[in-house]
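[1] dropping the sequence and predicted coords here.
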Amino acid sequence: QIIKQFNPDIAIGTGGYASGPLLFAASRKGIPSLIQEQNSYPGITTRTLSKFADKICIGYNDSKKYFNNNTIFSGNPIRNDFIKTDKNKAKEKIKINKDRFTIFICGGSQGSKPINEHIINNINYYNNLDATIIWQCGMNHYNTISSLNLNTNIKLFDFIDHMDQMYSASDLIISRAGALTLSEINFFGKASILIPFPFSAGNHQYKNALFSQNANASIIVTQNELNNGKLEKTINDLINSPNKLTNMEVAAKSISTSNAMDIIIKEIQ
């Protein structure tokens with residue numbers, strides 16, 4: 001009924017389950033349709049609708065094997081307001097020491113409870129680390145964490161409006177492995193430690209992270225491995241291995257597709 005009333009010229013889906021019925025209805029009415037699949041392992045909506053879609057723009061070349069045809073590798077689009085800034089200038093802008101190693105910990109806009117709890121349980125390590133830590137913990141966790149005895153090297157945020165500044169200022173990023181987050185990390189050419197959300201559909205976050213690790217841009221630490229100290233060991237190893245960090249940064253840039261938006265728009269046109 002929505003398709004009939006609105007009568008679109010084209011229908012575009014981004015893989016979410018809510019787009020399934022609409023894209024199917026559009027294809028039944030002969031309306032051209034395009035899907036943009038962000039993950040290396042396509043969601044069930046994309047896999048189901050792929051036989052009806054006219055074109056599928058994929059964020060990872062790895063996902064091509066799940067489709068029969070009509071795929072175009074586009075990469076994932078980056079927000080237009082993201083601006084790359086020189087690392088030292090970015091550190092000055094957010095008022096942190098430009099000479100100190102900087103780690104950005106981000107578990108998503110809402111924060112990650114398991115990651116936050118792990119850092120809280122190991123707060124002595126992070127308090128005493130010879131590095132500046134930008135920790136975006138999420139609004140729901142901020143009050144609890146801010147009441148802790150945090151050293152001045154830890155800069156705590158509930159939410160960050162200008163993520164591009166934090167990316168630019170960072171020497172190392174610790175993050176979940178959502179497709180768009182990884183695209184942003186690679187766009188800024190940053191080394192990363194990825195902690196995939198273990199309950200993502202089809203375990204797609206782990207598969208995203210694996211692609212990045214296989215490209216030597218990231219190191220995976222699974223959520224189960226947090227308890228055995230692997231995260232802290234990996235941080236120490238990277239802080240003490242500047243050449244490895246540099247190689248990871250080069251690898252991250254190499255798997256970034258900076259013109260993804262242009263490619264997708266061209267296919268829509």
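    Thanks, I have the structure now.

[2] for the stretch 51-200 of the chain, which segments are assigned as helices?
    87-93, 113-121, 123-127, 139-146, 163-169, 179-187 (DSSP state H, counting those that start in this stretch).

[3] and these: which comes nearest Leu156?
    helix 139-146 (5.8 Å; CB to CB). Any C-beta I mention is one placed from the backbone N, CA and C, and that applies to glycine too.

[4] show me what that closest one is packed up against.
    helix 113-121, strand 154-157 (3 or more CB pairs under 8 Å, 6 or more residues apart in numbering; DSSP states H and E).

[5] how about the ones you listed in TSV, adding distance to Ser218 and mean pLDDT?
    Below are these laid out as TSV (distance: least, CB to CB, whole Å; pLDDT from 0 to 100):
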stretch	distance to Ser218	mean pLDDT
helix 113-121	16	96
strand 154-157	23	96
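
[6] what's in contact with the top helix by length along the chain?
    Longest helix in the chain, counting residues (DSSP state H): helix 242-254. For helix 242-254, the external contacting residues (CB atoms under 8 Å, 6 or more residues apart in numbering) are 171-172, 185-186, 188-192, 212, 215-218, 237-238.

[7] which helix or strand lies directly C-terminal to it?
    The helix or strand immediately downstream of helix 242-254 is helix 260-268, counting by DSSP states H and E.

[8] so what does that following helix touch, helix or strand wise?
    Packed next to helix 260-268, using 3+ CB pairs under 8 Å, 6+ apart, are strand 33-37, strand 55-58.

[9] quick check: buried residues in that helix?
    By 16 or more other CB atoms under 10 Å, the buried positions in helix 260-268 come out as 260-261, 263-264, 267.

[10] what's the closest of the helices and strands packed on helix 260-268 to Thr152?
    The closest of these to Thr152 is strand 33-37. By CB to CB, the value is 43.0 Å.

[11] list the strands paired with the closest one, with their directions.
    strand 11-13 (parallel), strand 55-58 (parallel) (DSSP bridges).

[12] please pull out the lowest mean pLDDT helix or strand from this structure.
    helix 44-49 (a mean of 89; mean pLDDT, DSSP states H and E).

[13] helices or strands up against it?
    With contacts defined as 3+ CB pairs under 8 Å, 6+ apart, helix 44-49 has these neighbours: strand 11-13, helix 19-28, strand 33-37.
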